[in-house]
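[1] everything below, folded, please.
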Amino acid sequence: MRIHVGTSGYNYPEWRGSFYPEDIKAKDMFAFYARAFRAVEINYTFYRMPTTKTTTAWESQAPDGFRYVLKAPRRITHDRRLKDCADLVGAFVEAARVLGDHRGPLLFQLAPTFRADTERLAAFLDVLPADVQAAFEFRHDSWLTDETYRVLSDRGAALCIADVGERTTPVHATARHGYFRLRDQGYEAADLERWAETIAGRAADWDDAWVFFKHEDEGKGAMFARDFTAILERRGLTGRGQVLIAASHTSVIPRRAKAAIQDLTPPTGSPAKETRPPALRPSRHRCPTRGSQRSHSARRAVPPAP
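    Next up is the predicted model:
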């Protein structure tokens, strides 16, 4: 498994003096960021559909091994709510493909008022090209069901594990890539260690894990990402996109890929068994910190180690 660590965005003047040097110019921020991390989640694309001209410029500035994760335009996820948007998806995917080897997954963050509609989700996933890695962040609890996980798993799309305030998405492996958005602004060292344990414990489920910390005025997200990377390195792992853990695993194969494989392969034995973690309710655990209550800013769920 490879772990890719970064932040949601990087071009923040407010980060001067904390993450960036005080006197850094805006044009030099990406190069500085890319020396610290090997992935970034781009929020710009949520507000504005990217063009191939834009992504060509991003591709040309990226160092070897660097990946961009693009957040899907709100016109897809919020305005049309995954319905009748094949034209928009086509334009978005076309722009993303220009990134070539620098392309990571595409993140689809649904509106918090968007209630579960697994038929619509399945139809939308059928529109996505097979070469697109996707992750879905559901912000309404009605989505957190076995049926949703089955639809994602059948099509090889990841459930985004979001840690926001008092709410943490259950950790389910529905694809060969995991996706984490760690949004709290009060993480302590024990919290980051716990998340490292959780992700490392899923080496059999994922080939890649993507971990992004929140952008905010104080630059804490970048510092959390640095600390998290250091934790991985101390554990003999890595957060810079290199091989993390070699593990034998049973692949989670999308249903449409299974059909193609079965057409080409004679039935010589039983099919691979799909990895399915048990159903969980939205997590509300408190992370133990030597028996003390966590600070107000950090009082939210951290999943138990697997």
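
[2] what residues are up against the most centrally placed residue in the chain?
    Computing the C-alpha centroid of the chain and ranking residues by C-alpha atoms, centre = their mean puts Y179 first, at 2.8 Å. For Y179, the contact set (C-beta atoms under 8 Å, 6 or more residues apart in numbering) comprises 105, 107, 135, 158-161, 209-210. The C-beta positions use only the backbone N, C-alpha and C, and glycine is treated the same way.

[3] most widely separated two among those residues?
    Maximum pairwise distance among the contacts of Y179 (C-beta to C-beta): 14.0 Å, between L107 and A209.

[4] tell me which element the residue nearest to the centre of the chain is part of?
    strand 177-182 (DSSP states H and E).

[5] may I have the strands that pair with that strand, each with its orientation?
    Strand 177-182 sits in its sheet next to strand 158-164 (parallel), strand 208-213 (parallel), going by DSSP bridges.

[6] got CSV for the contacts of Y179, with neighbour count, distance to L125 and pLDDT too?
    Converted to CSV, these look like this (neighbours: other C-beta atoms under 10 Å; distance: C-beta to C-beta, whole Å; pLDDT from 0 to 100):
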residue, neighbour count, distance to L125, pLDDT
P105, 26, 13, 98
L107, 26, 14, 98
A135, 27, 12, 98
A158, 28, 12, 98
L159, 24, 13, 98
C160, 23, 14, 98
I161, 24, 19, 98
A209, 24, 21, 97
W210, 27, 19, 98
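
[7] between those, which is closest to E41?
    L107 (6.7 Å).

[8] if I read this right, the closest one contacts Y68, doesn't it?
    No. Assessed by C-beta atoms under 8 Å, L107 is found out of contact with Y68, at 10.9 Å.

[9] before we move on, the earlier item: out of the strands paired with strand 177-182, which is closest to D126?
    Proximity to D126 (C-beta to C-beta) singles out strand 158-164 among the strands paired with strand 177-182, at 16.7 Å.

[10] what score does the residue nearest to the centre of the chain have for pLDDT?
    As predicted, Y179 sits at a pLDDT of 98.

[11] name the nearest residue to it, sequence neighbours excluded.
    Nearest residue to Y179, sequence neighbours excluded (C-beta to C-beta, 6 or more residues apart in numbering): A135, at 3.8 Å.

[12] one step back: nearest to A116, out of the strands paired with strand 177-182?
    The nearest among those, by C-beta to C-beta, is strand 158-164 at 13.0 Å.
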